[in-house]
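Peer 1: predicted coordinates and the sequence they were generated for:
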Amino acid sequence: MELQKIYQSVVDGSAGEVQAGVQAALAEGVAADVILNQALIAAMEEVGKRFEEGDFFVPEMLIAARAMQSGLGLLKPHLIDSGVKAAGKVAMGTVKGDLHDIGKNLVAMMLEGAGFEVQDLGSDVDSQKFVQAAQDGANIIGMSALLTTTMSYMQTTIQALQTAGLRDTVKVVIGGAPVTDAYAKQVGADAFAPDASSAVRIIKQLVA
Amino acid sequence: METKLSFKDNTVVISPEAPFVVIGERINPTRRKKLAETMAQGDFSVAQQDALKQVEAGAHVLDVNVGIPGADEPALMRGAVQAVMGIVDVPLCFDMANPDALKAALEIYPGKALINSTTAEEEMMVRVLPLAKQFNAAVIGVIQDESGIPATPETRLKVARKLVNRAADFGVPPEDVIIDCLALTVGADHHAGRITLDSMKLVRQELGVNLSLGASNVSFGLPDRKILNIAYLALAIGSGLTTAITDPTVPEIQTTILACDLLTGHDEYAARWIKAFRKRAQAAA
């Protein structure tokens, strides 16, 4: 019952109710990973689906993701205690020269909502920061570019990963308005993700 | 201040004292599969159709972007610019990051072009501004520097001032710098639209320069974008916007701009407004 309430509060974007629900569920003895999977992650899947279908808009996604994060914050100590592992470690950013960060933020939030550990490198990100993140243990690198004039920096980053000998330790996923599947192949990325929910699906497949 | 662009003997004046200048944005391969595919093969017929349609719809200047991954950008740019110049006689705006491609376009262009764009990042300014000087082109300066997009109107003014001053260092006068105060989406922050409007008023008042904007960013991620876009365009014109890179083939955009021209005193006897009305009525009949 509590789980259904948390789920609905995430979809509605009510952070306060999500926190109250998570606390109540924990007090009732519901396991943290059950709350995570059946309430938070399930709700973000629903939000992603609605967004993909055009029923949900960016502000609704953002507020739902914020509600989810506030619940996740309460769960984290319990998850660590019970040894629940993240689905993967993703480092992502908008490439150098480009400040468009909304798409990247949405993907980061959706991934967090899907149980990934996400390191958000921000926007205008230098290739060395991606390399550093890979050195620090990220197994997925996500890059975004919204301009035809900045997308070629994705290739620069992939080459920097290669030079650092890290290309085989990470999967590289790219996206953004001018990016295509063909471009992903051309620059040697592992995948192209056309939107936030498919990014989650594709990254899950890549690490499976 | 007047920014004069030209192509052969056709001059376009951007100024608060002149009608609003529309820069047609459609020659850009982003999310336009057919245009991208044809251009990549050196076939500029789709780009030419885009050029014609936009000028017919009221574009005064055309933006040319050939950002196709992996292509030989200088060659592509030369081809696209030649094709567009062969079919319309409006000034052009060159939209690219690659300095070689920018130079290739400027070299073959007979007139005063617009460069889209430089940021206030030093690395970018030292690349773009000397080209503006060398080829006597105007340049759009985007309010963004090494630390990103400034958060307040006052800090955006500071970056605009830096752009104008650095341009002067390279011999590009303030009337040839058009400032873009950057429209961010209200889908992510509902104050974003207001901050940009306030920044525009401040920049216009303090520096007197012309202002441009990629106005459709403002509605990203929201429903009914068209209504938001035209409302914002009207608000921006009210805040000092004198030109915009937009799509004139969207009837609502063109009509809104004509309405703003009339309402701000740039359409004597409402002649252009009435002419556009007759054209619409005829098309509907």
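Peer 2: On my side now, so go ahead. Numbers count the residues shown, from 1 in each chain, chains lettered A, B, ... in the order given.

Peer 1: can you name the residues that contact residue 65?
Peer 2: Reading this off chain A. Applying C-beta atoms under 8 Å, 6 or more residues apart in numbering or on different chains to residue A:65 gives the contacts A:44, A:47, A:106, A:109-110, A:112-113. For glycine as for every other residue, the C-beta is placed from the backbone atoms N, C-alpha and C.

Peer 1: let me rephrase: I mean chain B.
Peer 2: Residue B:65 neighbours (C-beta under 8 Å, 6+ apart): A:148, B:27-30, B:95-96.

Peer 1: mind checking pLDDT for it?
Peer 2: Residue B:65 is assigned 93 on the pLDDT scale.

Peer 1: equivalent analysis for residue B:259, please.
Peer 2: At residue B:259, pLDDT is 97.

Peer 1: helix, strand or coil for it?
Peer 2: Secondary structure, DSSP: H, G, I helix; E, B strand; the rest coil: residue B:259 is helix.

Peer 1: domains of chain A?
Peer 2: A:2-81, A:89-207 (automatic domain parsing).

Peer 1: right, is the last one up against chain B?
Peer 2: Yes - for a cut-off given as C-beta under 8 Å from any C-beta of the partner chain, domain A:89-207 has contacts with chain B, namely A:97, A:99, A:102, A:105, A:123-124, A:147-152, A:177-178, A:183, A:186-187.

Peer 1: could I have the buried ones of these as PyMOL selection syntax?
Peer 2: Provided next is the PyMOL selection string for whichever of the residues of domain A:89-207 next to chain B are buried by 16 or more other C-beta atoms under 10 Å in any protein chain shown:
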select buried, chain A and resi 97+99+102+105+123+124+147+148+149+150+151+152+177+178+183+187
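
Peer 1: show only the entries of the residues of domain A:89-207 next to chain B found in strands.
Peer 2: Within these, residues falling in strands by DSSP state E are A:123-124.

Peer 1: from the contacts of residue A:65, which two are the most distant?
Peer 2: Across the contacts of residue A:65, no pair lies farther apart than A:47 and A:112, at 12.3 Å, counting by C-beta to C-beta.

Peer 1: for these two, indicate the residue with more neighbours.
Peer 2: residue A:47 (28 against 22; other C-beta atoms under 10 Å in any protein chain shown).

Peer 1: would you map the helices across the stretch 151-285 of chain B?
Peer 2: In the stretch 151-285 of chain B, the helices defined using DSSP state H, counting those that start in this stretch lie at B:153-169, B:192-207, B:225-238, B:251-263, B:271-284.

Peer 1: same list (those) but as TSV, adding distance to chain A and mean neighbour count.
Peer 2: TSV is the format used below for these (distance: least, C-beta to the nearest C-beta, whole Å; neighbours: other C-beta atoms under 10 Å in any protein chain shown):
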stretch	distance to chain A	mean neighbour count
helix B:153-169	13	19
helix B:192-207	11	20
helix B:225-238	10	19
helix B:251-263	20	18
helix B:271-284	30	12
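
Peer 1: columns distance to residue B:107 on top of those, output as JSON lines?
Peer 2: Shown next, in JSON lines, are the helices of the stretch 151-285 of chain B (distance: least, C-beta to C-beta, whole Å):
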{"stretch": "helix B:153-169", "distance to residue B:107": "21"}
{"stretch": "helix B:192-207", "distance to residue B:107": "31"}
{"stretch": "helix B:225-238", "distance to residue B:107": "34"}
{"stretch": "helix B:251-263", "distance to residue B:107": "32"}
{"stretch": "helix B:271-284", "distance to residue B:107": "35"}
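
Peer 1: re earlier: and which of the contacts of residue A:65 is nearest to chain B?
Peer 2: Relative to chain B, the closest of the contacts of residue A:65 is residue A:106; by C-beta to the nearest C-beta it sits at 8.5 Å.

Peer 1: tell me the contacts of that closest one?
Peer 2: A:58, A:61-62, A:65, A:196.

Peer 1: give me every residue that touches residue A:193.
Peer 2: Residue A:193 touches A:107, A:142, A:173-175, A:199, A:202-203, counting by C-beta under 8 Å, 6+ apart.

Peer 1: show me those residues that map onto helices.
Peer 2: If you go by DSSP state H, the contacts of residue A:193 have A:107, A:199, A:202-203 in helices.

Peer 1: just the residues you listed now: which is nearest chain B?
Peer 2: Distance to chain B, by C-beta to the nearest C-beta, is smallest for residue A:107 among these, at 13.2 Å.

Peer 1: so what's the residue count around the closest one?
Peer 2: What residue A:107 shows, counting by other C-beta under 10 Å, is a neighbour count of 26.

Peer 1: list the contacts for it?
Peer 2: Contacts of residue A:107 by C-beta under 8 Å, 6+ apart are A:92, A:142, A:144, A:175, A:193, A:196, A:199-200.

Peer 1: give me that answer again for 7 Å
Peer 2: A:92, A:142, A:196, A:199 (C-beta atoms under 7 Å, 6 or more residues apart in numbering or on different chains).

Peer 1: out of the residues you listed, which one has the weakest pLDDT?
Peer 2: residue A:196 (82).

Peer 1: surely that one is in contact with residue A:110?
Peer 2: Yes - judged on C-beta atoms under 7 Å, residue A:196 makes contact with residue A:110 at a distance of 4.7 Å.

Peer 1: now for the two: what residues contact both?
Peer 2: residue A:48.

Peer 1: what sits against residue 203?
Peer 2: You didn't say which chain, so I picked chain A. Counting by C-beta under 7 Å, 6+ apart, residue A:203 has contacts A:90, A:111, A:140, A:173.

Peer 1: ah, no, chain B please
Peer 2: Contacts of residue B:203 by C-beta under 7 Å, 6+ apart are B:157, B:160, B:179, B:181, B:209, B:211.

Peer 1: now render these as CSV, adding pLDDT.
Peer 2: Shown next, in CSV, are the contacts of residue B:203 (pLDDT from 0 to 100):
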residue, pLDDT
B:157, 97
B:160, 98
B:179, 98
B:181, 95
B:209, 98
B:211, 98
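
Peer 1: for residue 88, give me its contacts.
Peer 2: All of this refers to chain A. Counting by C-beta under 7 Å, 6+ apart, residue A:88 touches A:116, A:139-140, A:207.

Peer 1: oops, wrong one, chain B.
Peer 2: By C-beta under 7 Å, 6+ apart, the contact list for residue B:88 reads B:51-52, B:55, B:62.

Peer 1: if you rank the residues you listed by neighbours, which is first?
Peer 2: residue B:62 (28 neighbours).
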